[in-house]
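**Q** I need the structure of the sequence given here:
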Amino acid sequence: MPELPEVETARRGLAPKMEGRTFNHVQLRRKNLRFPFPKNFIRRLQGVTLDRLSRRAKFLVGELSSGETLLMHLGMSGKFSFEDAASPAKHDHVVFTMSGKDKPVIIYNDPRRFGFMELLAPGDVGRMAKLGPEPLSNGFSGPVLRTALAAKKSPIKTALLDQHIVAGLGNIYVCEALFLAGISPLRRADNVSPDMCEQLCAQIKKTLQLAIKAGGSSLKDFAAADGALGYFQHQFQVYDKEGAPCPKPKCPGSIIRTKQSGRSSFYCPDCQI
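**A** Below you'll find the model as predicted:
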């Protein structure tokens, strides 16, 4: 599933083609994705300008001149691309033709159809209402994280995947950040000390920033809107490295994999405590 760095990469690719432009034409090639499209979806978008495209957690957020908000989620396998709408590929479900001399055609492709698009009324934040702080914002810090974890008896790995604790994190980057912070994914969340929280917060920010710089991680389905692949997977320290030697100098351990809440956790039991 695309995580924060992949969604931010998608946003940066789409913004020049969508911000400040009008939806000249909207085409739906099916009636639904994960959920049905909003009522009158085409009519509510055509002729409307997308004033600003931002990101909140794993959501793309389009602020519209109509006052509504276009909320888009990539689900498990969704991606946007700039292609020829006259030659649709399999699983091309939504086509936006924007204004401008270049008249960019933006296609949403989603083989598994776990993504979705919604239109929110002015002032409505919908599914974003209960999200935790953005991990790259000033609102996310060691003390903030410590407070959020104080009553959590679940493993720290599970807690960090809770979007109410911190928004946008997924399995890959939580594994990587916990390794860099030296914290076992099995440690109980309420047993992560204030100093550990400071270190973990710093490593989460560092990991996400490096991943965004690398264009995200291209595993299975993800590619940027221009077709470019992300390269952060070449920098993985532990994720999907089961059996490999621990990359930390002088650590004699090896990376192991365990299952937590249906997800694979990769870590070094020797240096993550």
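**Q** phi, psi of Ile106?
**A** phi -110, psi 120 (degrees, to the nearest 10).
**Q** so what's it closest to, chain neighbours aside?
**A** Phe96 (4.4 Å; CB to CB, 6 or more residues apart in numbering). Backbone N, C-alpha and C define where each C-beta goes, glycine included.
**Q** so for that neighbour, what's the pLDDT?
**A** We have a pLDDT of 96 for Phe96.
**Q** now do the SS call for it.
**A** strand (DSSP: H, G, I helix; E, B strand; the rest coil).
**Q** isn't it right up against Lys103?
**A** No. Assessed by CB atoms under 8 Å, Phe96 is found out of contact with Lys103, at 10.8 Å.
**Q** neighbour count winner among the two?
**A** A direct count of neighbours by other CB atoms under 10 Å for Phe96 and Lys103 places Phe96 higher, at 24 against 11.
**Q** that one and Phe59, how far apart?
**A** 17 Å (CB to CB, to the nearest Å).
**Q** surely Gly67 touches Leu119?
**A** No. Look at Gly67 against Leu119 with CB under 8 Å: they stay out of range, at 10.6 Å.
**Q** how about Leu160, phi and psi?
**A** Residue torsions, per degrees, to the nearest 10, at Leu160 are phi -70, psi -20.
**Q** can you tell me the SS state at the closest residue to it other than its chain neighbours?
**A** Nearest non-adjacent residue to Leu160, counting by CB to CB, 6+ apart: Val174, 4.7 Å away. Of the three states, Val174 takes helix under three-state DSSP.
**Q** in the stretch 1-150 of the chain, where is pLDDT below threshold?
**A** 84-87 (pLDDT under 70).
**Q** quick one: the strands in it?
**A** Here the stretch 1-150 of the chain has its strands, by DSSP state E, counting those that start in this stretch, at 21-28, 49-56, 59-64, 69-73, 79-82, 92-98, 105-109, 116-120.
**Q** format these as CSV; extra columns: distance to Glu242.
**A** Output for the strands of the stretch 1-150 of the chain, formatted as CSV (distance: least, CB to CB, whole Å):
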stretch, distance to Glu242
strand 21-28, 42
strand 49-56, 31
strand 59-64, 32
strand 69-73, 30
strand 79-82, 27
strand 92-98, 35
strand 105-109, 31
strand 116-120, 33
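**Q** quick one: closest of these to Gly243.
**A** Minimum separation from Gly243 across these (CB to CB) falls at strand 79-82, 30.9 Å.
**Q** that closest one pairs with which strands, parallel or anti?
**A** strand 105-109 (antiparallel) (DSSP bridges).
**Q** may I have the strand it pairs with as PDB, with CA atoms only?
**A** Extracted C-alpha coordinates of strand 105-109, given in PDB (Å, rounded to 0.1, in the frame of the first residue of the first chain):
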ATOM      1  CA  VAL A 105      -4.900  14.100 -19.300                       C
ATOM      2  CA  ILE A 106      -4.600  12.500 -15.900                       C
ATOM      3  CA  ILE A 107      -5.600   8.800 -15.500                       C
ATOM      4  CA  TYR A 108      -6.300   7.000 -12.300                       C
ATOM      5  CA  ASN A 109      -5.500   3.300 -12.600                       C
END
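**Q** if we can go back for a sec, please name whichever of the strands of the stretch 1-150 of the chain is nearest to Phe179.
**A** strand 49-56 (25.3 Å).
**Q** give me the contacts around the closest one.
**A** Strand 49-56 has contacts (CB atoms under 8 Å, 6 or more residues apart in numbering) with 4, 7-8, 11, 14-15, 18-23, 60-65, 70, 98, 128, 131, 134, 167.
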